[in-house]
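Asker: predicted model, plus sequence, below.
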Amino acid sequence: MEEQVNKLNIFSDFRGDLIPINFIDLPFTPKRVFTVNNVPKNSIRGNHSHFETVQILICVSGIIEVILHDGFLEKSTVLQKGESIIVNNLIWDSQKFLSQDSTLLVICSTEYDKNDYIDDFYKFLKIKSEKKIKE
């Protein structure tokens with residue numbers, strides 16, 4: 001599992017912070033964008049995988065731990081303001097909001113489709129195991 005944290009540019013002055021995201025620099029054409037915020041400190045969000053969707057998780061404020069599981073190994077990465085990580089399809093991901101002021105921006109490669117979600121971890125493990133056998 002080769003997930004890498006990317007540091008985005010942050011332009012700060014007395015008016016606040018600006019974090020630009022140039023879509024031309026992304027590995028896919030975005031189809032959906034949303035934010036997750038006002039999450040109580042130490043609460044977990046996510047806890048699912050996608051059959052097709054690739055996501056870029058961007059910590060806009062606060063501190064967010066991203067836990068990724070490829071079906072065999074688990075990796076934890078802490079994102080701070082202005083850092084991002086790509087979550088490929090068929091990777092189980094969870095986010096732990098380590099501070100009350102955390103805001104997560106998510107950029108998705110697909111439009112919302114309920115059928116793209118795997119929200120049962122054991123079903124996810126079975127899918128990954130079957131996929132590995134076929135390879």
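Answerer: Now that the structure is in, tell me what you want to look at.
Asker: name the next helix or strand following the helix or strand V106 falls within along the chain.
Answerer: Using DSSP states H and E, V106 maps to strand 103-108. Downstream of strand 103-108, the next assigned helix or strand under DSSP H and E is strand 117-118.
Asker: in its sheet, which strands sit next to that next one, and in what direction?
Answerer: With DSSP bridges as the test, strand 117-118 is paired with strand 43-50 (antiparallel).
Asker: in the chain, what helix or strand scores lowest on average pLDDT?
Answerer: Lowest mean confidence among the helices and strands of the chain (mean pLDDT, DSSP states H and E): strand 5-7, at a mean of 84.
Asker: tell me what the strand holding V106 is packed against?
Answerer: Applying 3 or more C-beta pairs under 8 Å, 6 or more residues apart in numbering; DSSP states H and E, one finds that strand 103-108 contacts strand 32-37, strand 55-61. Just so you know, the C-beta spots here come from the backbone N, C-alpha and C atoms, and that holds for glycine as well.
Asker: want to throw these into JSON lines with mean neighbour count and mean pLDDT?
Answerer: Conversion of these to JSON lines gives the following (neighbours: other C-beta atoms under 10 Å; pLDDT from 0 to 100):
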{"stretch": "strand 32-37", "mean neighbour count": "13", "mean pLDDT": "96"}
{"stretch": "strand 55-61", "mean neighbour count": "22", "mean pLDDT": "96"}
